[in-house]
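>>> Here you go, sequence then predicted model.
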Amino acid sequence: MVNNFIPSQFVKSVFQITPEELTAKGIKGIITDLDNTLVEWDRPDATPQLVKWFTSMQQAGIQVTIVSNNNEMRVKAFADPMQIPFIYKARKPFRKAFLSALRLMGLKREQVVVIGDQLLTDVLGGNRLKLHTILVIPVAKSDGFFTRFNRLVERRIFSHLKRQGHIMWGDES
């Protein structure tokens, strides 16, 4: 059970994830969280740097699908200007939205990575489906109401994983 909370990879931000690195691993798709993974939870639009990141993925033939627990209005307003497919009210870590994203992209599990900032939603959900999971440091120091509870639980999980020697990097979240 504890292994479900251990990400396959840890990076400080999505900008450390390059198309070259992903294509070298045979990755053709990204399932990514939105809030505090790509942008701050209260930022409505993508930053210019994030638009360039999306463009670089697209040019490399890597599909991106946003899978968010947030509501349709929030996710649609962010994703539509860049024509990025999305799934809202995903109920992560449950499997349904992850499986829907795989079907939407027409890809197999071994061709997709999951990127997110939370152990309890993104990492747990991706790991339950045996997807490669990449944990990023949240882009904002503040969180929405429901995420605050998750962060408290995550700190305890991080502490346990460190004590058991399962993770070697710091608790930057």
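Cool, got the structure. Residues are numbered from 1 along each chain as shown.

>>> Which parts of this structure are helices?
Per DSSP state H, the chain carries helices over the ranges 19-24, 48-59, 72-79, 95-105, 124-128, 145-163.

>>> what residues are up against the closest residue to L102 other than its chain neighbours?
Counting by CB to CB, 6 or more residues apart in numbering, L102 lies nearest to V112, which is 6.3 Å off, once chain neighbours are set aside. C-betas here are computed from N, CA, C, even on glycine. Taking CB atoms under 8 Å, 6 or more residues apart in numbering, we find V112 in contact with 27-31, 101-102, 105, 131-132.

>>> What does the pLDDT read for V112?
pLDDT, V112: 98.

>>> distance of it from E20?
From V112 across to E20, the span is 17 Å (CB to CB, to the nearest Å).

>>> And the contacts of V112, which is closest to I84?
I30 (10.1 Å; CB to CB).

>>> Count residues in the vicinity of that closest one, would you?
24 (other CB atoms under 10 Å).

>>> One more: P48?
8.

>>> for P19, same thing?
Close neighbours of P19, defined as other CB under 10 Å, add up to 18.

>>> Please give me every residue in contact with the nearest residue to it once chain neighbours are set aside.
Of all residues beyond its chain neighbours, the one nearest P19 is A60 (3.4 Å), with distances taken as CB to CB, 6+ apart. Residues near A60 by CB under 8 Å, 6+ apart: 19-20, 22-23.

>>> Just the buried ones from those residues?
Among these, the ones that count as buried by 16 or more other CB atoms under 10 Å are 19, 22.

>>> what separates the helix or strand bottoming out on mean pLDDT in the chain from the chain centre, distance-wise?
Sorting the helices and strands of the chain by mean pLDDT, DSSP states H and E puts helix 145-163 at the bottom, at a mean of 73. Distance, stretch centre to chain centre, for helix 145-163: 17 Å (CA atoms, centre = their mean, to the nearest Å).
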